[in-house]
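compute the structure for the input listed below.
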Amino acid sequence: MKIKHQLTIFNAITRLLVILVLWMMLPVLVEKVVYKHINKSLLEKKQKFIEHLDKKEINDFIVRNDSAETYASFSTLHSEFLKLSRIPLNSKANKMVFINESRIIEGEKDNYRILQYHFLYEKTYYQLEIGSSLSEVEELTFTIRFFVLIVLISILLVTFFIDTFYIEYLLKPFYKIIDTKIRRVNEPDTFDHTPINSHSADFQELDMVLNQMMNRISELFKKEKQFIANVSHELLTPMALLKNKFENLLQNDSLNDSAIDKIASSLKTLDMLKKVINNLLLISRIENNQYESDETINLDELLDNLREDLEDRLEGKKITLTMDLQNSFQLIGNKTLIHILLYNLIVNAIKYNKKNGSITITDGFLDSNYFLSVSDTGIGMNENQINQIFSRFSRIEGNEEGNGLGLAIADSIALFHHIIIEVVSKLNEGTTFRLCFPTTEKLNK
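Numbering: from 1, shown residues only. Predicted coordinates:
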């Protein structure tokens with residue numbers, strides 16, 4: 001998961017938790033505020049009642065024909081009530097509490113916030129109860145919770161989209177660095193040192209460090225390539241001298257058969273060593289962009305020439321080569337290098353094929369890009385071998401002839417022409433190399 005998605009999800013979860021906490025605390029907060037307001041109102045009503053209280057008024061409240069000696073007064077909507085009653089003499093005077101209770105007023109049950117006040121008046125204890133209905137409070141609490149929930153969810157959605165766009169804007173230089181300076185870089189020489197525009201000091205520092213690192217890597221690559229080229233050139237001269245000396249020795253009639261065999265074996269080793277050096281020089285020149293790439297190459301014509309060149313090898317292992325090309329494709333590049341690329345792939349298919357096997361060359365288009373496939377019925381490869389085949393001096397089987405540079409050269413040529421090589425293989429079933437050619441816009445850039 002990308003960092004921008006992680007940040008957005010984290011912010012959304014954090015806000016959601018805040019909303020849940022507020023949602024849980026809201027009833028308590030509302031009740032606390034409302035109860036404080038109701039309590040204040042009840043205290044004011046109690047104070048007014050006590051201030052205007054006299055014996056005659058108490059008698060008017062208490063003296064009734066019923067035996068309960070209680071008087072209750074209710075509002076028309078049952079939202080408030082006042083109740084006065086006598087209590088035992090051992091009660092505590094000036095005791096005051098607030099309670100929430102359900103009361104039945106004229107046959108209707110409702111929840112009330114009640115102030116209970118015990119007082120002594122002329123040696124008689126009374127209990128005064130003043131209640132205020134909580135039904136409106138509950139409705140108000142529900143309304144507030146619903147309204148706040150809508151507001152919080154709206155805020156969550158708005159901030160989610162704002163965070164998404166802002167994080168996208170904030171991380172744009174980061175992804176630009178990855179896309180233009182890392183993902184598209186095939187070798188240090190193609191690295192883009194242009195500074196990335198960013199308002200973040202962190203990304204500016206990252207860009208600067210990448211530029212410095214790639215400068216050092218580029219210098220090391222140049223030194224390595226130059227070293228390989230110099231060593232290869234220096235080795236070719238003494239090898240040529242040794243070869244001449246060995247060939248002159250073969251002209252000596254005094255040598256016996258054993259000496260001649262040893263000299264011939266040495267010449268063979270020198271030829272193999274010379275081939276390795278030439279291949280290394282080829283790779284070095286390709287990686288150093290020492291080849292022109294402005295020739296028009298016709299693949300049909302190139303493959304026909306390769307079939308003639310490899311006819312003896314094919315007949316030697318009794319391998320059938322079938323070319324089923326449906327398209328006439330041309331590309332711009334270096335004809336010699338493309339010839340070497342296809343030659344190495346077909347020779348590889350012959351080398352690791354079974355006797356009386358077959359090689360099939362097909363083409364087509366995949367996602368508007370032209371591809372060419374070389375398939376064989378050979379010994380195949382496992383996943384570990386597939387991962388190693390383009391490494392230098394890597395061979396599938398040690399007893400096979402060659403120096404393990406053929407596919408390494410093919411990979412370098414493909415990289416030079418922006419061609420992607422895909423490999424599919426199964427043990428004892430065969431291998432397919434598919435060359436995916438770039439579009440015209442991507443060629444030689």
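
quick check: what element follows the helix or strand bottoming out on mean pLDDT in the chain along the chain?
The helix or strand of the chain with the lowest confidence, counting by mean pLDDT, DSSP states H and E, is strand 70-74 at a mean of 50. Per DSSP states H and E, the first helix or strand lying C-terminal to strand 70-74 is strand 80-86.

show me where the protein has its strands.
70-74, 80-86, 95-105, 108-121, 124-133, 295-298, 320-324, 330-333, 358-366, 369-376, 420-426, 430-436 (DSSP state E).

what comes up buried for the second one?
With burial defined by 16 or more other Cβ atoms under 10 Å, the residues of strand 80-86 counted as buried are 80-85. C-beta: built from backbone N, CA, C; applies to glycine.

and if you look at the fourth one?
When neighbours are counted by 16+ other Cβ under 10 Å, the buried residues of strand 108-121 are found to be 110, 112-119.

next, format those as a markdown table and append pLDDT.
Below are the buried residues of strand 108-121 laid out as a markdown table (pLDDT from 0 to 100):
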| residue | pLDDT |
| --- | --- |
| 110 | 82 |
| 112 | 86 |
| 113 | 87 |
| 114 | 90 |
| 115 | 90 |
| 116 | 90 |
| 117 | 89 |
| 118 | 88 |
| 119 | 83 |
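
now those in CSV, with distance to residue 412?
Converted to CSV, these look like this (distance: Cβ to Cβ, whole Å):
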residue, distance to residue 412
110, 90
112, 91
113, 87
114, 92
115, 94
116, 96
117, 99
118, 102
119, 104
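
quick check, nearest of these to residue 141?
residue 113 (13.1 Å; Cβ to Cβ).

for the stretch 101-250 of the chain, which spans come out with low pLDDT?
Under the criterion pLDDT under 70, the flagged ranges of the stretch 101-250 of the chain are 106, 182-191, 229, 232-233.

all helices for it, in order.
Ranges of helices within the stretch 101-250 of the chain are 135-177, 201-250, based on DSSP state H, counting those that start in this stretch.

can you list those in JSON lines and add mean neighbour count?
Shown next, in JSON lines, are the helices of the stretch 101-250 of the chain (neighbours: other Cβ atoms under 10 Å):
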{"stretch": "helix 135-177", "mean neighbour count": "14"}
{"stretch": "helix 201-250", "mean neighbour count": "13"}
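
got the ones you listed as CSV, with distance to residue 320 columns?
What follows is the helices of the stretch 101-250 of the chain, written out as CSV (distance: least, Cβ to Cβ, whole Å):
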stretch, distance to residue 320
helix 135-177, 50
helix 201-250, 38
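
export the strands of the chain to JSON lines and append columns for distance to residue 44.
Output for the strands of the chain, formatted as JSON lines (distance: least, Cβ to Cβ, whole Å):
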{"stretch": "strand 70-74", "distance to residue 44": "16"}
{"stretch": "strand 80-86", "distance to residue 44": "12"}
{"stretch": "strand 95-105", "distance to residue 44": "13"}
{"stretch": "strand 108-121", "distance to residue 44": "10"}
{"stretch": "strand 124-133", "distance to residue 44": "10"}
{"stretch": "strand 295-298", "distance to residue 44": "101"}
{"stretch": "strand 320-324", "distance to residue 44": "101"}
{"stretch": "strand 330-333", "distance to residue 44": "95"}
{"stretch": "strand 358-366", "distance to residue 44": "86"}
{"stretch": "strand 369-376", "distance to residue 44": "86"}
{"stretch": "strand 420-426", "distance to residue 44": "86"}
{"stretch": "strand 430-436", "distance to residue 44": "87"}
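
many thanks, I have nothing further to ask.
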